[in-house]
Every structure is written in C-alpha cells, then in structure tokens.
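sharing a sequence plus its predicted fold:
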Amino acid sequence: MSYQRHTLPTEPIAPRRVTADPNTGQLLYTPAEAAVILRVTQSWLRKRAAKRLIPCTFLGRLLRFSSADLAAIAEHGHRPPQPAAPRRRRTPPRRTST
C-alpha cells in the first residue's frame, strides 16, 4: 500500500473580495446566529442547507451563512399580498310559520 503525501499548492490562492456586513462587521454567520436573525430554528436552517434548498457556505464540515445568503433566504420566503376573499353574508334565520 502506498501513501501519497498531501502538498500545499505552489501558487497562491487568489483572494476574493469580500465585504463585511456594515452593521455588524461579520463576514459569515453560524447557524445559531443566522437563526436568530431570520427568526427561525437552527434545525430548520440545517435541514434545508443539508438538502441544498437554501443558499449557504460550507467551510469543510462547518455550515455558515453570509449576509447575501440571509437576504436571499428572506427574499425567497416573501409572498405578495393576496386579495381578500369576499365575505359571506350571514343570512338571517328562516321564519317558520306556525
């Protein structure tokens, strides 16, 4: 059995320009922090992220959410107002002849 030694890349990885959230200065949020911001449970976020139903970032096995991810999740849940259904009028009770 032969083992290969993992080596680091010889070329530097190009840095991505990432801006922090101007309100908090954070780049990525943990599921607990994201759940508080979105007012949902952590399990709701984790289940949907595992199924790739919502935008998220995996750093290895660590699940994280960017401000853009949170905005996209909130936008996806937006529903436009629906016109109200016409109200049914209550009919007066029938008079019975005696």
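On my side now, so go ahead.

tell me the contacts of the spatially most central residue of the chain?
In the chain, the centroid-proximal residue (CA atoms, centre = their mean) is I73; its distance is 3.7 Å. Listed by CB atoms under 8 Å, 6 or more residues apart in numbering, the contact partners of I73 are 38, 54-55, 65. (Each C-beta comes from the backbone N, C-alpha and C, glycine too.)

of the residues you listed, which belong to helices?
L38 (DSSP state H).

can you name the two of the contacts of I73 that are farthest apart?
L38 and P55 (12.2 Å; CB to CB).

let me know the closest of the contacts of I73 to A84.
Using CB to CB, those come closest to A84 at L38, 27.8 Å.

show me the shaky parts of the chain.
1-26, 98 (pLDDT under 70).

just the strands in it please.
28-29, 57-59, 62-66 (DSSP state E).

ranking those strands by mean neighbour count, which comes first?
strand 28-29 (a mean of 21; mean count of other CB atoms under 10 Å).

ok, that strand: who's next to it in the sheet?
strand 62-66 (antiparallel) (DSSP bridges).

give me the distance from the partner strand to the chain's centre.
Centroid separation for strand 62-66 versus its chain: 10 Å, with CA atoms, centre = their mean, to the nearest Å.

ok, now stretch 43-52?
Taking mean C-alpha positions (CA atoms, centre = their mean), stretch 43-52 and its chain are 9 Å apart.

and it, what's buried?
Of the residues in stretch 43-52, 45, 49 count as buried by neighbour count, 16 or more other CB atoms under 10 Å.

residues contacting S66?
27-29, 57.

just give me the closest of those to Q82.
Of these, the one sitting nearest to Q82 (CB to CB) turns out to be Y29, at 31.9 Å.

correct me if wrong: the closest one contacts A68.
No. Counting by CB atoms under 8 Å, A68 is not a contact partner of Y29; they are 11.1 Å apart.

mind putting the strands of the chain in a markdown table, distance to G77 included?
As requested, these are arranged in a markdown table below (distance: least, CB to CB, whole Å):
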| stretch | distance to G77 |
| --- | --- |
| strand 28-29 | 17 |
| strand 57-59 | 19 |
| strand 62-66 | 14 |
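
which of the ones you listed sits closest to Q42?
strand 62-66 (9.7 Å).
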